[in-house]
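A.B. asks: Pasting the sequence and the predicted coordinates here, then a few questions.
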Amino acid sequence: GINAEYGIIAHINKSDRKHDDQIGRFRSVTSFMSHAKLFFTDIVLSPHRTDDFIPQLFYESSKFNLFGHYWLVRGRVQGDEHNFQRTLSLKVVLKGKSSMDVEFCFTRDAYSSVDIIPEVNRHSYTAEDSESDYMEIKLVQPLDLNNLLAEKSIKCRLYMAQL
C-alpha cells in the first residue's frame, strides 16, 4: 500500500543522502591530501582523570612539533560503558601564542585495527583561541570504540596542513 511505498522512498532518500555525504567526505579528504605542506604524526593519547569531586576521564597526548610550533591533542569520551551511544571527541591544541590557519584530519595509525572515518577539520588559531573545537571521531564500526577505549592508550595518526 501507500505506507509501504512511502517507507521504500524514505529509505532510498536516506541512502542517497548517506552516499552524498560519503562522496563529499571523499572529495574533502582528497583535496586535503593534495596540500603541498601536509605533515603527519602518530599520536598516543594517554588516559587521565580530573581532580573533580566526581573524576572525569580525559585523554591527552604528549607535545609534538609541527610547523615550528608545539601542539598536543586532547580527547574526551561522552557516555559511559553502559551506554551504546558513547563517542570519542578530539581537539588539537596549539601551545604558545601564534596565529595560523590549519586543516587537520585524524586516521588510524599504522598498527591499529580500528578504522577511523577521516574528516577534515579547519581551525584559525590566534593568541586568544589556541584550541580547536572538539570533533567527534567516527569509526567504520561504531562498536569498535569499546575496543579502542579498552586499550592502555588511544593511538591514531594526525595529518595537518598549514594554509
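C.D. replies: Perfect, I can see it now. Residues are numbered from 1 along each chain as shown.
A.B. asks: hey, which helix or strand in this protein has the poorest pLDDT?
C.D. replies: Here the helix or strand of the chain ranked lowest by mean pLDDT, DSSP states H and E is helix 2-33, holding a mean of 63.
A.B. asks: any idea which helix or strand comes after that one?
C.D. replies: On the C-terminal side of helix 2-33, the nearest following helix or strand under DSSP states H and E is strand 38-49.
A.B. asks: List the neighbouring strands of the following helix or strand past that following strand plus their orientation.
C.D. replies: Per DSSP H and E, the first helix or strand lying C-terminal to strand 38-49 is strand 57-60. Here strand 57-60 is paired, per DSSP bridges, with strand 38-49 (antiparallel), strand 69-78 (antiparallel).
A.B. asks: And these: which comes nearest residue 27?
C.D. replies: Closest to residue 27 of the strands paired with strand 57-60, according to Cβ to Cβ: strand 38-49, at 16.3 Å. Where C-beta positions appear, they are placed from N, C-alpha and C, glycine not excepted.
A.B. asks: centroid residue for the chain?
C.D. replies: The C-alpha lying nearest the average C-alpha coordinate of the chain belongs to residue 137 (Cα atoms, centre = their mean; 3.7 Å).
A.B. asks: Just the pLDDT at the residue nearest to residue 138 when sequence neighbours are not counted, thanks.
C.D. replies: Closest residue to residue 138 apart from its sequence neighbours, by Cβ to Cβ, 6 or more residues apart in numbering: residue 117 at 4.3 Å. Note for residue 117: predicted pLDDT of 90.
A.B. asks: how many other residues sit next to residue 117?
C.D. replies: The number of residues packed near residue 117 is 14, by other Cβ atoms under 10 Å.
A.B. asks: now do residue 42
C.D. replies: 14.
A.B. asks: cool, and residue 128?
C.D. replies: 7.
A.B. asks: One more: residue 152?
C.D. replies: Neighbours of residue 152 (other Cβ under 10 Å): 8.
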